[in-house]
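Asker: with the sequence up front, the predicted model follows.
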Amino acid sequence: MIKYLGSKRLLVPRIVAVLRALPRVRTVLDLFSGTSRVGHALKRAGLRVTANDHLAFAHALARCYVAADAGRVRRPAERLLAELARVPPAPGWLTATYCERARFFHPKNGARIDAIREAIAARDLPPDLEAVALVSLMEAADRVDSTTGVQMAYLKRWAPRALNDLELRVPELLPGPGTALRLDAAEAARQVEVDAAYLDPPYNQHSYLGNYHVWESLVRWDKPEVYGTAQKRVDCRDYRNPFNSKRRIRAALTEVLDALRARWLVVSFSDEGYLARPELERVLADHGHVEVLEVDFKRYVGAQIGIYNPRGEKVGRVSHLRNREHLFLVGPDRAALRRARDAAAAPDAAQLGLF
């Protein structure tokens, strides 16, 4: 899966352990699905998952990893990706924008990305098969990018991986049904009734549209006007997510929680978020008993590398290299919540053999 600032890769086994331990949980809503790493893991664990995200690239990931049924899609996807791999390079909008004016990809790979994306657009593909093709291309591009993991800037010199050849691979598709939505979080919460809901909202100033604007443009393929050194989409200037606002985040979270139609809630939140643990516990207490699991983590890769200016010069020191992730478990039965918390906190919970 793509590199992602808010990835819950190391937390996923604990999230799965929680939802397995809660009683009578068969259906789950992943309300802010992002890469769909969590939704994919929950589907693999045998749950019926609805994944929602309002960004186009995240919706494509949800269609691929949650909604697509491997039994129906795998063979057509293998044939399609083999055809797309043979499309000759043809530099176009993406090459000019992200290989020449910016340096996110080497031009040889930019030309292939352009050609493959145009070939996908020219086919009248079923939605799930199109999503698989787009995700394969997105992940192939991610493996040869020249960034530290976010698209706010690119490296001064080519990353070694950027010189590798672009390679399409079949994503890790899972058998069985699932659902992918592209709605505002509160609207999705109102529409979907499930046994449990998992919430991993944006929690500070980092905008996922701004951080992953290249993927958004690759999936939309609207070839937008761009600006700045990073050649961001112009709509990044006007994009306002209340979860990225210290002033508005509590009201936004409250609206979503009030709209949810789920017996159990699992909420993931970092200690780097705008809402501190005591305030979150007060907000969540309106929806049931609250238990908390705290997990220590390395901060994201950019923090490990340091602070640099656009010329690639180190200009500052990062204040800290570790943070704490909290899993808030909410529901009507405190004893059940404690059992689920203890199951996720067990030493082997992070090594369940699922991932």
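Answerer: Happy to help now that I have it.
Asker: for the chain, name the helix or strand with the lowest mean pLDDT.
Answerer: Within the chain, no helix or strand scores below helix 301-305, which has a mean of 47 by mean pLDDT, DSSP states H and E.
Asker: tell me where the model's unsure across this structure.
Answerer: Low-confidence segments of the chain, defined by pLDDT under 70: 4-8, 297-323, 347-355.
Asker: at 90 instead, please
Answerer: 1-10, 148-149, 202-208, 240, 242-245, 269-274, 296-324, 346-355 (pLDDT under 90).
Asker: domains for it, by residue range?
Answerer: For the chain, automatic domain parsing gives the domain ranges 1-67+176-202+241-355, 70-172+219-230.
Asker: okay, those domains in JSON lines with distance to L209 and mean neighbour count next?
Answerer: C-beta coordinates here come from the backbone N, C-alpha and C atoms, glycine included. Listed next are these as JSON lines, based on distance: least, CB to CB, whole Å; neighbours: other CB atoms under 10 Å:
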{"stretch": "domain 1-67+176-202+241-355", "distance to L209": "6", "mean neighbour count": "18"}
{"stretch": "domain 70-172+219-230", "distance to L209": "10", "mean neighbour count": "18"}
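Asker: and those domains as CSV, adding distance to Y212?
Answerer: Compiled in CSV, these are given as follows (distance: least, CB to CB, whole Å):
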stretch, distance to Y212
domain 1-67+176-202+241-355, 6
domain 70-172+219-230, 6
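Asker: between these, which gets nearest to H213?
Answerer: H213 lies closest to domain 70-172+219-230 among the domains of the chain, at 5.6 Å (CB to CB).
Asker: show me where the protein has its strands.
Answerer: Taking DSSP state E as the test, the strands found in the chain are 27-30, 48-52, 179-181, 193-199, 226-227, 232-233, 261-270, 289-298, 307-308, 314-316, 322-331.
Asker: tell me which of those approaches A90 most closely.
Answerer: strand 226-227 (20.1 Å).
Asker: who touches that closest one?
Answerer: With contacts defined as CB atoms under 8 Å, 6 or more residues apart in numbering, strand 226-227 is touched by 97, 101, 232-234, 237.
Asker: 6 Å - rerun?
Answerer: 97, 234 (CB atoms under 6 Å, 6 or more residues apart in numbering).
Asker: just stretch 208-222 next, same as before
Answerer: By CB under 6 Å, 6+ apart, stretch 208-222 touches 5, 56-57, 60, 117, 121, 134, 138, 150-151, 232-233, 236, 239.
Asker: and if you look at stretch 107-124?
Answerer: 84, 87, 89-92, 94-95, 99, 133, 137, 141, 144, 166, 221.
Asker: who does A262 bridge with?
Answerer: V194 (DSSP bridges).
Asker: which one of the strands of the chain lies closest to R161?
Answerer: strand 307-308 (18.7 Å).
Asker: hang on, isn't A85 packed against R169?
Answerer: No. Between A85 and R169 there is no contact under CB atoms under 6 Å: 9.8 Å.
Asker: what's the spacing between V25 and F32?
Answerer: According to CB to CB, to the nearest Å, V25 and F32 sit 19 Å apart.
Asker: brilliant, that's me finished.
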